[in-house]
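Q: Return atomic coordinates for the entry below.
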Amino acid sequence: MLLKDEFRLPDNVLLPRWALLLTLSTLFCVGLELAGLPASLLIGPMVAAILLVLGIGRGNMKVPRAPLVFCQTIVGLLMAHAISPDILRTMISSAPLFLGMILAVIIAAALLAWTLTRWQVLPGTTAVWGSSPGAASAMVIMSEAYGADARLVAFMQYLRVVFVAIAASVVARLWSAGNSDAMPAIDFFPSVNWLNLCVTLALACLCAWIALRFRISGGAILVPLVLATPLQALGYLNLELPIWLLAISYAMVGWSTGLRFSRVIIRHAAHALPQVAGSILLLMSLCSLMAAALHYLTGVDPLTAYLATSPGGADSVAIIAASSNVDLPFVMAMQTGRFLIILFTGPLLARTIAKYAGVPDVTKQ
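A: Presented below is the predicted three-dimensional model:
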């Protein structure tokens, strides 16, 4: 229940707000993790920040830009870390198949985004970025850099993450019925290679500086991918990304998004919920049909085909695939390839859909 204005904390009282935000974030992360939901380390802090804003107000709370960009580059390095040589070889060896399936999913998502934009369910190109079947955190970061409403993009992306993760978990469980192996618990403080960690942090600082210095749109994601992926593939770089570092980075990104919410935005999101949920379910259904076609055309087992064509997020699908009897390189190659294509074509796609949907082009800065 929202507190009345007279019980709100004064705007200049920040320390209790941050302490409350940290406490709420921890509780939500633990609760979501116990419930077995993916992306808990990002969704938990974001939901906590939204509730704080609606409850006692944000005051002057704001995540500083430089630390935020640094944490965003950590997410970019995580994406680069997922592009292993095995995945690259799998993508190259089956390039026509991968490209065809990836483009089919992107076209389906683009048509749904055009419909939502045309019907003005969400403002500007928000529906385009929100419907993009790529890594959710990266899409939120990229959408803000190109002028979309990152709050509503986050609403669409993480709602789809939950839908897809639940569906993929159920399908994997049904497929491997009788396998009682539990998901491994998260080890927040694993042993680390301190030299590799120092190199990773130094590279993250360099990427953040380049993104800020040259004002590169989406640079917090693009620069780490461009610099780290070839170095890692050639064996010159071993990225060390312990879970505690990812947890801090996810929390900063989640807080930054959540603290920008307001009651007006929440009402808008609630009003658009039926259309957004319907578009997500329709996209998932179309991807299931593509998985069936992939199975019958190539002989890939149904669960591998289903996880490979699931419309994001790549991180949650990776967790489910890693604990299932599937062709993991094939799944991750499809997911990673789609993410890369969306990452580099997203701005052009947003402008094109905005043009044909008859809305102002907000991606031009």
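
Q: What residues of stretch 42-60 count as buried?
A: 42-54, 56-59 (16 or more other Cβ atoms under 10 Å). Yep, even glycine has a C-beta here, placed from its N, CA and C like the rest.

Q: do the same with stretch 207-226
A: Across stretch 207-226, burial judged by 16+ other Cβ under 10 Å covers 207-208, 210-211, 218-225.

Q: Quick one: end-to-end distance for it.
A: By Cα to Cα, to the nearest Å, the extent of stretch 207-226 from end to end equals 10 Å.

Q: Could you identify the helix or strand that succeeds the helix or strand where residue 89 lies?
A: Here residue 89, judged by DSSP states H and E, is contained in helix 85-93. Sequence-wise, the next helix or strand downstream of helix 85-93 (DSSP H and E) is helix 95-118.

Q: returning to what we had before: among the buried residues of stretch 42-60, which lie within helices?
A: Applying DSSP state H to the buried residues of stretch 42-60, the entries found in helices are 42-54.

Q: Just the closest of those residues to residue 349, please.
A: residue 42 (24.0 Å; Cβ to Cβ).

Q: Listing request: residues of the stretch 251-365 of the chain with sub-threshold pLDDT.
A: In the predicted model, the stretch 251-365 of the chain carries pLDDT under 70 at residues 312-316, 318-320, 322-323, 359-365.

Q: So which residues of it form helices?
A: 263-298, 302-309, 314-322, 328-357 (DSSP state H, counting those that start in this stretch).

Q: so can I have TSV of those helices showing mean neighbour count and distance to residue 20?
A: As requested, the helices of the stretch 251-365 of the chain are arranged in TSV below (neighbours: other Cβ atoms under 10 Å; distance: least, Cβ to Cβ, whole Å):
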stretch	mean neighbour count	distance to residue 20
helix 263-298	16	19
helix 302-309	25	38
helix 314-322	21	28
helix 328-357	21	35
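
Q: Apart from its neighbours in sequence, what residue is nearest the most centrally placed residue in the chain?
A: The residue lying closest to the centre of the chain (Cα atoms, centre = their mean) is residue 136, at 1.6 Å. The shortest distance from residue 136 to any non-neighbouring residue, by Cβ to Cβ, 6 or more residues apart in numbering, is to residue 157 (3.9 Å).

Q: how many neighbours does that neighbour have?
A: Neighbour count for residue 157, taken as other Cβ atoms under 10 Å: 28.

Q: wait, isn't it in contact with residue 139?
A: Yes - here residue 157 reaches residue 139: they are 5.5 Å apart, a contact under Cβ atoms under 8 Å.

Q: can you list residues touching both of those two?
A: Taking Cβ atoms under 8 Å, 6 or more residues apart in numbering as the criterion, residue 157 and residue 139 both touch 129-130, 132.

Q: one step back: let's have the ones in helices among the buried residues of stretch 42-60 in JSON lines, adding distance to residue 303 and pLDDT.
A: Output for these, formatted as JSON lines (distance: Cβ to Cβ, whole Å; pLDDT from 0 to 100):
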{"residue": "42", "distance to residue 303": "26", "pLDDT": "82"}
{"residue": "43", "distance to residue 303": "25", "pLDDT": "83"}
{"residue": "44", "distance to residue 303": "29", "pLDDT": "89"}
{"residue": "45", "distance to residue 303": "32", "pLDDT": "91"}
{"residue": "46", "distance to residue 303": "30", "pLDDT": "87"}
{"residue": "47", "distance to residue 303": "30", "pLDDT": "89"}
{"residue": "48", "distance to residue 303": "34", "pLDDT": "93"}
{"residue": "49", "distance to residue 303": "36", "pLDDT": "91"}
{"residue": "50", "distance to residue 303": "35", "pLDDT": "89"}
{"residue": "51", "distance to residue 303": "37", "pLDDT": "91"}
{"residue": "52", "distance to residue 303": "40", "pLDDT": "90"}
{"residue": "53", "distance to residue 303": "40", "pLDDT": "86"}
{"residue": "54", "distance to residue 303": "40", "pLDDT": "84"}
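
Q: Can you tell me which of these is nearest residue 199?
A: When these are compared for distance to residue 199 (Cβ to Cβ), residue 42 wins out at 24.7 Å.

Q: does the nearest residue in space to that closest one that is not next to it in sequence count as helix, strand or coil?
A: In space, residue 42 comes closest to residue 250 once its chain neighbours are excluded; the distance is 4.0 Å by Cβ to Cβ, 6+ apart. The three-state label given to residue 250 by DSSP: H, G, I helix; E, B strand; the rest coil is helix.

Q: what sits against residue 250?
A: Residue 250 neighbours (Cβ under 8 Å, 6+ apart): 39, 41-42, 45, 71, 75, 137.

Q: Lowest-confidence member of these, which is it?
A: When the contacts of residue 250 are compared by pLDDT, residue 39 scores lowest at 69.

Q: which one among the ones in helices among the buried residues of stretch 42-60 gets closest to residue 99?
A: Distances from residue 99 to those, taken by Cβ to Cβ, are shortest for residue 42, at 29.6 Å.

Q: And the closest one, how close does it get to residue 248?
A: For residue 42, the distance to residue 248 equals 11 Å [Cβ to Cβ, to the nearest Å].

Q: again with residue 127
A: Distance from residue 127 to residue 248, by Cβ to Cβ: 31 Å.

Q: Likewise for residue 63?
A: 12 Å.

Q: Pick out whichever of the two has more residues nearby.
A: Between residue 63 and residue 248, counting by other Cβ under 10 Å, residue 63 is the more crowded of the two (19 against 16).

Q: Now do the same contact list for the more buried one.
A: Residue 63 makes contact with 252, 255-256, 259 under the criterion Cβ under 8 Å, 6+ apart.

Q: Nice, that's everything, thank you.
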